[in-house]
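**Q** Structure here, sequence nowhere to be found:
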């Protein structure tokens, strides 16, 4: 996203769940992309590699992974349809360490029976972690779809101490993390 008056900056950071590419302008963050998967994002040539405009987001993500931050205080500018933006705003209302289902989120948005549409919007979220799409699970409590992969979704929910992961993937990510010290909850892949 580059216009004549808006430069897009990007920077990659290391995290306990793999490398993340952050992108945005001087005023707002527009993307967080998982780089460890099969589809890493290649920054377009018109984007400018520079960490300084993204410093606040970098710091807050580091604090989140260290267990010292439960919510993000960042200017965000995701690009999407009106419905996607509505879903992404609703995702930001799901408290740290809690989960909801796609169906429940659809009901909250006034579209009962719209779980599939909510799931599609959730899957298009350009700001995962910050807009916590990982907190949406199946109605049966199962971990379902996540752009970064289910192990990363599990790791993020484990970091937050979400009850739904207590018995899932036992042993898969060095056991299930439980509430405790930030170091004990830090996800490891």
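**A** Looks like it came in fine. This is a predicted model, so every value here is computed, not measured.
**Q** so how many other residues sit close to residue 146?
**A** By other CB atoms under 10 Å, 22 other residues sit near residue 146. Where C-beta positions appear, they are placed from N, C-alpha and C, glycine not excepted.
**Q** Also residue 28?
**A** Counted with other CB under 10 Å, residues neighbouring residue 28 total 14.
**Q** How about residue 85?
**A** The tally of other residues near residue 85 (other CB under 10 Å) stands at 13.
**Q** Next up, identify which helix or strand it is on.
**A** helix 82-91 (DSSP states H and E).
**Q** helix or strand right after that helix?
**A** Counting by DSSP H and E, the next helix or strand C-terminal to helix 82-91 is strand 100-101.
**Q** what are the pairing partners of that next one, and which direction each?
**A** Taking DSSP bridges as the criterion, strand 100-101 forms sheet pairs with strand 136-137 (parallel).
**Q** and for the partner strand, what are the contacting residues?
**A** 91, 94, 99-102, 105, 118-119, 122, 143-144, 164 (CB atoms under 8 Å, 6 or more residues apart in numbering).
**Q** Could I get the average pLDDT for the helix holding residue 85?
**A** Helix 82-91 shows a mean pLDDT of 97.
**Q** Output the contacting helices and strands for it.
**A** helix 102-108, helix 115-123 (3 or more CB pairs under 8 Å, 6 or more residues apart in numbering; DSSP states H and E).
**Q** Sort out which residues of that helix are buried, please.
**A** 84, 87-88, 90-91 (16 or more other CB atoms under 10 Å).
**Q** Now do it against helix 115-123, angle only.
**A** Interaxial angle, helix 82-91 versus helix 115-123 (axes from the mean of the first three to the mean of the last three CA atoms, to 10 degrees): 80 degrees.
**Q** Make 54 the starting number, not 1.
**A** Taking 54 as the first residue, the last one we looked at is helix 135-144.
**Q** Run through who's touching helix 135-144.
**A** Against helix 135-144 from outside (CB under 8 Å, 6+ apart): 131, 133, 158, 161-162, 170-171, 174-175, 177-178, 180, 184-186, 188-189.
**Q** Could you rerun that using 7 Å?
**A** 131, 133, 158, 161-162, 171, 174-175, 177-178, 184-186 (CB atoms under 7 Å, 6 or more residues apart in numbering).
**Q** List the buried residues in stretch 72-83.
**A** Buried residues in stretch 72-83, defined by neighbour count with 16+ other CB under 10 Å: 73-78, 82-83.
**Q** Pop the domain breakdown of this protein in here.
**A** Using automatic domain parsing, the domain parsing of the chain gives 62-118, 135-238.
**Q** between the ones you listed, which gets nearest to residue 126?
**A** domain 62-118 (7.0 Å; CB to CB).
**Q** average pLDDT for that closest one?
**A** 96.
**Q** Show the end-to-end separation of that domain, please.
**A** Domain 62-118 has an end-to-end distance of 22 Å (criterion: CA to CA, to the nearest Å).
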